[in-house]
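Participant: any chance you can model this:
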Amino acid sequence: MTQPPVRPGILDLKPYVAGESTLEGVEHIVKLSSNEGALGASPHAVEAMRAAAMDAHRYPDGGCVALREAIGHRHGLDPARLVCGAGSDELISLLVRAYAGPGDEVLFPAHAFLMYRLYAQGAGVTPAAAPENNKVADVDALLAHVNERTRILFLANPNNPTGTYLSDAEVRRLREGLPDDVLLVLDAAYAEYVDKNDYEPGAALVDSHPNTVMLRTFSKIHGLGGARVGWTYAPAHVIDVLNRLRSPFNVAAASQAAAAVAIADVAFTDMARQHNDYWLSWTAERLRALGLDLTDSVGNFVLVTFQTEPGRTVHDADAFLRGKGVIARPMGAYGLPDSLRITIGTGEEMHACVDALTEFTGG
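Facilitator: Just a heads-up that it's a prediction; the model follows:
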C-alpha cells in the first residue's frame with residue numbers, strides 16, 4: 001500500500017525525549033530529570049483544579065480571560081498583551097510558524113532548549129546555533145551569526161540546561177544589535193528563581209523595544225508541569241498573530257483555574273524560591289567538595305560535568321545513580337556529552353543524590 005508523502009525534513013526529526021520517571025525493578029524513585037517544582041503546586045491551586053473538574057463537560061474559556069487578568073495583576077502587565085498556551089512549548093511553536101518558513105533561519109545559543117531546533121525543523125526552517133562562552137550565551141557570537149535569512153532569535157534566560165544567564169544590559173545590547181525585523185524571544189521559564197540585581201526577565205524590554213517577546217511558564221516554580229500552561233507578553237501586533245494561529249481552546253479549564261490561583265499564591269511561590277535557594281547552594285557546595293565540576297546555576301538545577309577516564313565518566317555516574325534509584329538527565333543531546341543535569345528536589349531527594357555521588361566518587 002502506498003503511504004501518503006510526508007513533507008520533506010519531517011522524518012529527519014529526532015523526537016524530544018522527556019526526562020525519565022521510572023526504573024525497572026525500582027519502587028522508590030528520586031526523579032531529578034525534568035526540572036519540576038520540588039514542592040509541587042500550591043494546595044490552593046490543586047483545590048481549584050479539583051473544583052474545575054466538576055465542569056469537565058464544558059469547553060474552557062478560549063481567551064483565558066480570568067487567567068490573563070491574574071497574570072496581569074501579579075506582574076503589572078496589560079492582559080490584552082498576553083496570550084496563554086499549552087505550556088510555553090506551544091507558544092514557541094506558534095512563533096516559529098508565524099514568523100519563519102522554508103529558506104529562513106532561527107538562531108539560538110549552542111546549548112539551548114532543544115525545542116527551538118525541533119520546532120524550526122518541523123516548519124522547514126533552518127536552525128542555527130551560535131557558540132557560547134564557557135556555557136554562557138555570547139552576545140557577540142549571536143550577532144555575528146545573524147544574516148538576511150534570520151527571522152527569530154531565541155534566548156532562554158536563564159538557560160536550560162546550563163543554568164547561566166545574561167544581565168539586562170547584555171540582553172539590551174543584543175536587542176539593539178539586531179535588525180529591527182528580527183523577533184527576539186526571551187524565554188524566561190526559570191525567571192522566578194533568579195535573585196540577581198542585574199537580571200530582568202524581559203517585560204521591560206518588550207515595552208521599550210519593538211519585536212521583542214517574553215515567554216513564561218507555570219511548569220517550574222508554580223509546580224504545574226502536568227497542567228501545561230505557559231504565557232507570553234508581547235507587542236499588540238504579535239498578540240494578534242498568535243491569537244489567529246492558536247487553537248480555540250488550547251488551555252484546559254482545570255489548568256486555567258489552577259494557574260490563576262497559583263500565580264496569586266505569592267506565599268507559596270516565595271516558599272518554593274526559598275527552598276530552591278537553600279538546596280541549590282547546599283547541593284552545589286557538596287558536589288564541588290567531591291571534586292565535581294559545576295556551572296554557576298541560577299535555576300532549579302545544576303549541570304555537573306564528569307571526567308573522561310574509565311570508571312569516572314558521565315555514563316558511569318548515570319548508571320551508578322540509577323542503581324541507587326536516582327534519575328538525572330544526560331545532556332548529550334544538548335552538545336554536553338560529559339554532563340548530567342540534576343534538578344533540585346526535596347531535601348530528602350538531594351541527600352539521596354549527594355550520598356550516591358559521594359559513594360561514586362569515593363568522597
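Participant: OK, contacts around the residue nearest to the spatial centre of the chain?
Facilitator: With distances taken as Cα atoms, centre = their mean, Ala189 lies nearest the centre of the chain, 4.7 Å away. Neighbouring residues of Ala189 by Cβ atoms under 8 Å, 6 or more residues apart in numbering: 88, 156, 160, 215-217, 219-220. Just so you know, the C-beta spots here come from the backbone N, C-alpha and C atoms, and that holds for glycine as well.
Participant: tell me which of those residues fall in helices.
Facilitator: Members of the contacts of Ala189 lying in helices (criterion: DSSP state H): Ser88.
Participant: quick one: which of the contacts of Ala189 is nearest Pro109?
Facilitator: Pro109 lies nearest to Ala156 out of those, by Cβ to Cβ, at 7.9 Å.
Participant: for Asp265, see how far away the residue nearest to the centre of the chain is.
Facilitator: 19 Å (Cβ to Cβ, to the nearest Å).
Participant: that older thread, could the contacts of Ala189 go into JSON lines alongside neighbour count?
Facilitator: Output for the contacts of Ala189, formatted as JSON lines (neighbours: other Cβ atoms under 10 Å):
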{"residue": "Ser88", "neighbour count": "26"}
{"residue": "Ala156", "neighbour count": "26"}
{"residue": "Asn160", "neighbour count": "23"}
{"residue": "Leu215", "neighbour count": "26"}
{"residue": "Arg216", "neighbour count": "29"}
{"residue": "Thr217", "neighbour count": "25"}
{"residue": "Ser219", "neighbour count": "22"}
{"residue": "Lys220", "neighbour count": "25"}
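Participant: relative to Tyr119, which of the contacts of Ala189 is nearest.
Facilitator: The closest of the contacts of Ala189, once distances to Tyr119 are taken by Cβ to Cβ, is Ser88, at 11.4 Å.
Participant: since we're on Thr305, how many residues are nearby?
Facilitator: 17 (other Cβ atoms under 10 Å).
Participant: residue contacts, it?
Facilitator: Here Thr305 is in contact with 292-294, 314, 336, 338-339 (Cβ under 8 Å, 6+ apart).
Participant: scan the residues you listed and report the most crowded one.
Facilitator: Most crowded among these, counting by other Cβ under 10 Å, is Ser339 at 27 neighbours.
Participant: surely it touches Val302?
Facilitator: No: using Cβ atoms under 8 Å, Ser339 is not in contact with Val302; the gap is 9.9 Å.
Participant: how much space separates the residue nearest to Asp138 when sequence neighbours are not counted from Pro235?
Facilitator: For Asp138, ignoring the flanking residues on the chain, the nearest one in space by Cβ to Cβ, 6 or more residues apart in numbering is Glu132 at 5.6 Å. Glu132 is 28 Å from Pro235, where distance means Cβ to Cβ.
Participant: and if you look at His275?
Facilitator: 35 Å.
Participant: ramachandran coordinates for Asp293?
Facilitator: Dihedral pair for Asp293: phi -100, psi 120, per degrees, to the nearest 10.
Participant: verify the stated contact: it with Val304.
Facilitator: Yes: at 6.9 Å, Asp293 and Val304 qualify as touching, with contact defined as Cβ under 8 Å.
Participant: which stretches in the stretch 151-300 of the chain count as strands?
Facilitator: 183-187, 212-217, 230-233, 293-294 (DSSP state E, counting those that start in this stretch).
Participant: now for those, which one comes closest to Ala253?
Facilitator: strand 230-233 (16.2 Å).
Participant: helices and strands around that closest one, which ones?
Facilitator: Counting by 3 or more Cβ pairs under 8 Å, 6 or more residues apart in numbering; DSSP states H and E, the packing neighbours recorded for strand 230-233 are helix 65-75, strand 82-85, helix 87-99, strand 212-217.
Participant: format the ones you listed as a markdown table; extra columns: distance to Tyr16.
Facilitator: Compiled in a markdown table, these are given as follows (distance: least, Cβ to Cβ, whole Å):
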| stretch | distance to Tyr16 |
| --- | --- |
| helix 65-75 | 26 |
| strand 82-85 | 17 |
| helix 87-99 | 9 |
| strand 212-217 | 16 |
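Participant: closest to Ala203 out of the ones you listed?
Facilitator: strand 212-217 (5.6 Å).
Participant: hmm, who's touching the closest one?
Facilitator: 87-88, 91-92, 95, 175, 183-189, 191, 201-203, 205-206, 229-235, 238.
Participant: can you pull the pLDDT of the closest residue to Arg58 other than its chain neighbours?
Facilitator: Counting by Cβ to Cβ, 6+ apart, Ala253 is the residue found nearest to Arg58 once chain neighbours are left out, at 6.7 Å. If you check Ala253, the pLDDT there is 98.
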